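Trainee: Structure here, sequence nowhere to be found:
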């Protein structure tokens, strides 16, 4: 064994630059695969770390809307308690309502903390450890709160806050009954504080009605319960409790599937994040394959160096199996060295990769499963890279190789050519895919949003802001800080879940259930947001007091309602009649990749929680913000001033696709780099083995250009073949990806031409350096060797 290792090490040292390229290429490919697999595992592990994960479910509603079946995890308020009371299969339930931040104060210390409301069972269902306090009793008191570790530090420093009293929103005294360890990155739950549902009731915002669907409901089932049978039994629970026929069906969905399979079509899960993970799992496999192809190509290309060794070993009694073991042993050693380098590279790059992905990822080196998986990964890579060379080299016949006969001359198609084509086909597919992803992002970014984002922002109506709204508005405009202000139900870039299918109008089909987006504003909304009126007027409660129930329709709503002249029509919404005063051009409030939904924009009777401010562009932004902060502090001194820019909020709509584009770009570049490493070494070796031939050709009159063409034309032809194969594959794959966007770009023919030219150019640069070097060499020295 030691003797074999010594031989392997000696062969690696003799290999020089070729051994370095083999190890380097494998190390880079393995490092990329490790990073992608770490990210895949991170996404797969979402909410799977709970001890009761197999018993935990999320309740969903399934409703027929406009000819489609829509699924949502927003459920009726009483659903959780009803399930726990009526069904013995349910051992615990917890409702969750997500909120923005509340202001917590303790003397001079204050902090805005994202607070969610939930039931006491939440703490025993889910494994979010409490550093202080009891899981069984922490949420039993209606006026209690649990802080996460970082939230506690913001308010109390390093002091143990258990039992201390905080003032919530300046009105409610709550006692700290627990400190929770900060939430891990691989969970859907996002909060800095937890408060009981009973506190939400005391604050006056609670409606215990089956028509109120602003809560998420989590359920723990007994281990022996069957999900399919249980879902059948609860599908009509809404109708059973309301006594009215309801189209809303309730079903439970496994918590562990929620992240990966979040997209529903016609009431059935069809994918989601799992599709992206599959794509990048394939990319990881292809990058590793390309690195292994480098190894195969170089090993078989340098077979002449090992041929006599194989012949001698066979003459001395060595079997083919022993030779296969020797060559596989070499590949295992190379894979092990490459694996160690890859781990170091992955650990070094992981912080940057985590930043790129916006996720805090790590490699758990203390987990034995990590090392077992790592060993399996190295063995797999070694076998994948070394199997073909091992069988190829061990097949040499000793009689022929000892006479210097190495087999037939390569034909039109050889394994080495096929492998090179595979490498560049993968590279071209990734390049084309990357360009299409970036083209789709730019296409959506260039789409007209329907409002003017420049100088537009918003402030939440919290504390004394709502009460002093008119004073704040007056001071902002009179000081020249703002040119227009409007109160709305939500930021112009986010809907905040306001959708409604109970909209009725004259001539509506009684069987139609059409989902509308809902929005509310008080006055000067179109002026402030820069939204274009195409008919009628804006809502104006100052000039028209009855405009508290006025209504604007977007163009999509007018089409759905089939109004010739909608102004003056009456629309029933939320149980009351609203009068239409105008029509606005469609604008993007949800995804810029989706079609615009029909939308109703009502007067302030629907509720307003946000102040939109159009700043004065004639002033410096810093001056505007400083003056605005001064005014807000005057009228709302308890709360910190937080101004949100609309253009920044809008840019966040592209974050996920931009991450995908960045990943694709980096890994496409990596694939090209690894392919070029192998191509560079392959050409270098060809030039080395053909030195005498090149010298003789030059003596017989061949020019430098002739020699360069001799060494380059084969690889250029292989690159063109790769482009021809890659183009239809990439076209099909990216059309499948683009099909997921209602608003999408096309794939023009010139994109394939561009990639073809890029690929040929890259191959030419890679091959050209070695070809020029060989062509410029002294022929006399080459012939004389």
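Mentor: The structure has been received and is ready for your questions. Since the model is a prediction, treat every value here as computed from it, not as a measurement. Numbers count the residues shown, from 1 in each chain.

Trainee: Which strands or helices does the longest helix belonging to the chain pack on?
Mentor: Looking across the chain with DSSP state H, the single longest helix is helix 320-357. Where contact means 3 or more Cβ pairs under 8 Å, 6 or more residues apart in numbering; DSSP states H and E, helix 320-357 is packed against helix 2-15, helix 17-44, helix 273-301, helix 303-315, helix 368-394, helix 655-689. Using the backbone N, CA and C atoms, a C-beta is placed for each residue, glycine as well.

Trainee: hmm, 7 Å instead?
Mentor: Counting contacts by 3 or more Cβ pairs under 7 Å, 6 or more residues apart in numbering; DSSP states H and E, helix 320-357 packs against helix 2-15, helix 17-44, helix 368-394.

Trainee: which parts of that helix are buried?
Mentor: For helix 320-357, a neighbour-count test (16 or more other Cβ atoms under 10 Å) marks 320, 323-324, 326-339, 341-343, 345-346, 350, 353-354, 356-357 as buried.

Trainee: circling back to that earlier point, do you know which of the helices and strands packed on helix 320-357 lies nearest residue 438?
Mentor: With Cβ to Cβ as the criterion, residue 438 lies closest to helix 17-44 of these, at 19.6 Å.

Trainee: related to what we said a few turns ago, and the helices and strands packed on helix 320-357, which is most packed in?
Mentor: helix 17-44 (a mean of 21; mean count of other Cβ atoms under 10 Å).

Trainee: Output the helices and strands packed on helix 320-357 in a markdown table; the columns should cover mean pLDDT and distance to residue 250.
Mentor: Shown next, in a markdown table, are these (pLDDT from 0 to 100; distance: least, Cβ to Cβ, whole Å):
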| stretch | mean pLDDT | distance to residue 250 |
| --- | --- | --- |
| helix 2-15 | 65 | 64 |
| helix 17-44 | 87 | 27 |
| helix 368-394 | 81 | 38 |
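
Trainee: Indicate which one of these is closest to residue 465.
Mentor: Using Cβ to Cβ, these put helix 17-44 closest to residue 465, at 38.9 Å.

Trainee: what's the distance between the closest one and the middle of its chain?
Mentor: The chain centroid and the centroid of helix 17-44 are separated by 21 Å under Cα atoms, centre = their mean, to the nearest Å.

Trainee: Tell me the helices and strands packed up against that helix.
Mentor: So helix 17-44, by 3+ Cβ pairs under 7 Å, 6+ apart, packs with helix 273-301, helix 320-357, helix 368-394, helix 655-689.

Trainee: what angle separates the third one from helix 17-44?
Mentor: Direction vectors for helix 368-394 and helix 17-44, defined by axes from the mean of the first three to the mean of the last three Cα atoms, to 10 degrees, enclose an angle of 140 degrees.

Trainee: Same question for the longest one.
Mentor: Our comparison of helix 320-357 with helix 17-44, counting by the same axes, to 10 degrees, yields an angle of 50 degrees.

Trainee: Quick check: mean pLDDT of helix 320-357?
Mentor: What helix 320-357 shows for mean pLDDT is 85.

Trainee: same question, the last one
Mentor: Here the mean pLDDT over helix 655-689 is 80, rounded to a whole number.

Trainee: any chance you could map the strands in the stretch 401-550 of the chain?
Mentor: 456-460, 482-488, 499-500, 504-505, 516-520, 533-536, 550-554 (DSSP state E, counting those that start in this stretch).

Trainee: can the ones you listed go into JSON lines with extra columns for mean pLDDT, mean neighbour count and distance to residue 92?
Mentor: Compiled in JSON lines, these are given as follows (pLDDT from 0 to 100; neighbours: other Cβ atoms under 10 Å; distance: least, Cβ to Cβ, whole Å):
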{"stretch": "strand 456-460", "mean pLDDT": "94", "mean neighbour count": "22", "distance to residue 92": "34"}
{"stretch": "strand 482-488", "mean pLDDT": "95", "mean neighbour count": "23", "distance to residue 92": "39"}
{"stretch": "strand 499-500", "mean pLDDT": "77", "mean neighbour count": "15", "distance to residue 92": "30"}
{"stretch": "strand 504-505", "mean pLDDT": "92", "mean neighbour count": "16", "distance to residue 92": "40"}
{"stretch": "strand 516-520", "mean pLDDT": "92", "mean neighbour count": "22", "distance to residue 92": "34"}
{"stretch": "strand 533-536", "mean pLDDT": "94", "mean neighbour count": "16", "distance to residue 92": "52"}
{"stretch": "strand 550-554", "mean pLDDT": "95", "mean neighbour count": "27", "distance to residue 92": "43"}
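
Trainee: gap between residue 210 and residue 375?
Mentor: According to Cβ to Cβ, to the nearest Å, residue 210 stands 55 Å off from residue 375.

Trainee: swap that for residue 679, sorry
Mentor: Residue 679 sits 31 Å away from residue 375, going by Cβ to Cβ.

Trainee: Which one of the helices and strands packed on helix 17-44 lies nearest to residue 697?
Mentor: Closest approach to residue 697 among the helices and strands packed on helix 17-44 (Cβ to Cβ): helix 655-689, 12.5 Å.

Trainee: any idea how far that closest one is from the chain center?
Mentor: Put simply, helix 655-689 sits 23 Å off its chain's centre (Cα atoms, centre = their mean).
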